[in-house]
Every structure is written in structure tokens, then in C-alpha cells.
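1. take a look and give me a structure for this.
(one chain, ligands or ions: 1)
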Amino acid sequence: MGVPKRRTSKARKNQRRAMIKIASPAIVSCPRCHEPKMAHRVCQACGYYREQEVLEK
Ligand SMILES: [Zn+2]
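-> Predicted coordinates:
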């Protein structure tokens, strides 16, 4: 069984975890109105998802 040869230092542990928080919020700009929106969600500003689906009015 693989066992770590040496203890992971605080600096190396924190460097690894610092990258997790950067990657987590998936915010993209809407292709239609260019407002920032959550990826894979309907745009709250124009109500569009995948070019032409109107999902609120
Ligand atoms: Zn939009």
C-alpha cells in the first residue's frame, strides 16, 4: 500500500487548496446580453438559455 514518505508541509498544503477556491465558481458571460451568469443556468438578465429558449417573462 502506498504511504506518503514525508508529511505535506503547511505551505504546500495551502498552495494546493488555494487553487480549489479559484476554480469552483463557474461564472461565464451570457452570449446574448454579456451579463455575468452562472454556467449551465438560465441567464437572469435576459432569460435565455442555449441561444433561443425563452424560459421566463
Ligand atoms: Zn443574458
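2. can you map out the strands along this protein?
-> 27-29, 36-38, 48-49, 53-54 (DSSP state E).
3. deepest of those strands, which one?
-> Mean neighbours per residue, mean count of other CB atoms under 10 Å, is largest over those for strand 48-49, with a mean of 18. Using the backbone N, CA and C atoms, a C-beta is placed for each residue, glycine as well.
4. that one pairs with which strands, and in what direction?
-> Its sheet considered, strand 48-49 pairs with strand 53-54 (antiparallel) by DSSP bridges.
5. follow-up on the earlier one: which stretch among the strands of the chain comes nearest the ion?
-> The closest of the strands of the chain to the ion is strand 48-49. By CB to the ion, the value is 5.4 Å.
6. check the offset of that closest one from the chain's centre.
-> Counting by CA atoms, centre = their mean, to the nearest Å, strand 48-49 is centred 18 Å from the centre of its parent chain.
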